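> Pasting the sequence and the predicted coordinates here, then a few questions.
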Amino acid sequence: MIYAIPKKPFPAAPRQMHATNRAYRFIAREETAALPFLPLISIRRHKWGVLTYTEFCKLEDLTISQVLRINPDGFSIYDGENYTIIYNDRVQPGRILFTLTHEIGHIECNHFIEFEQTILGRNGLSKDQYAVLDAEADCFARNVTAPLPIAKLVQHYGPKAAMSLFGITKTAWSLRLFWLKRDADNLMPMLLNAVSFKLRDYIDEMDSFEGAMPDWEE
């Protein structure tokens, strides 16, 4: 979730192609390609701030109920120089992973550059405008947490295998499958090749394995 006042007109619909390609540029330049994706490591590497709801409540003298009214999962703040991601630490790990990656998506999709934020407010955005930005961040998050080259292979092993490999919830995996073809159509071949090369160890092992899902932790 992001709170912003528009500096320029909003697009009429989510820029799915923009968000998809931003996601794969992000993967390509990350230092590692481990699965599940580790958003906290990435956040700290970029030197962005990060707080749990528990920490944020203490810092701002708020109750958890007050913060949950802002958003049940998470939100981001930009002060003109630094980003801070604030997230609900009282939910299951798979939901936290997607929320953190979603908030990274707001940063990587340039939402804070294109829009002036208002801290703990939503004054400048209509419901439809807000939905556009959130849909772009969701697109970014599903592609970073479950990259296309691996998602296309792991879908044949069933949802439990996918949830285990990617560390995501069943709902997130269902959405990954729903958007699989469209995201593939939107992705630049150059970026697909770059990310496939980066994830080659996973791809090679899955291509050569017959039967149950390979276990890379053994």
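Arrived safely, thanks for sending. These numbers come from a predicted model, not from an experiment.

> wait, is Thr84 part of a strand?
Yes: Thr84 forms part of a strand when assessed by DSSP: H, G, I helix; E, B strand; the rest coil.

> State the pLDDT value of it.
Note for Thr84: predicted pLDDT of 96.

> If it is in a bridge, with which residues?
Taking DSSP bridges as the rule, Thr84 bridges to Gly49, Ile77.

> That one against Thr52, yeah?
No: here Thr84 does not reach Thr52: they are 11.7 Å apart, not a contact under CB atoms under 8 Å. Where you see a C-beta, it was placed from the backbone N, CA and C, and this is true even at glycine.

> Show me where the protein has its strands.
In the chain, the strands defined using DSSP state E lie at 5-6, 49-52, 74-78, 83-87, 115-116.

> So what's the model's average confidence on the last one?
Along strand 115-116, the predicted local confidence has a mean pLDDT of 55.

> can you check the third one too?
The pLDDT scores in strand 74-78 average 90.

> What segments of the chain are helices?
In the chain, the segments counted as helices under DSSP state H are 16-29, 39-45, 53-60, 64-70, 93-108, 111-114, 127-145, 148-154, 159-166, 170-178, 180-186, 189-198, 200-208.

> check contacts around the closest residue to Phe56 other than its chain neighbours.
Excluding the flanking residues, the one nearest Phe56 by CB to CB, 6 or more residues apart in numbering is Ile86, at 5.0 Å. Applying CB atoms under 8 Å, 6 or more residues apart in numbering, we find Ile86 in contact with Val50, Leu51, Thr52, Tyr53, Phe56, Val67, Gly74, Phe75, Ser76, Ile77.

> Just the buried residues out of the residues you listed, in ChimeraX syntax.
Buried residues within these, by 16 or more other CB atoms under 10 Å, are selected in ChimeraX with:
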select :50,51,53,56,67,74,75,76,77
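
> Pick out whichever of the contacts of Ile86 sits closest to Leu177.
Gly74 (23.8 Å; CB to CB).

> Surely that closest one is in contact with Ile85?
Yes: under the criterion of CB under 8 Å, Gly74 makes contact with Ile85 at 6.7 Å.
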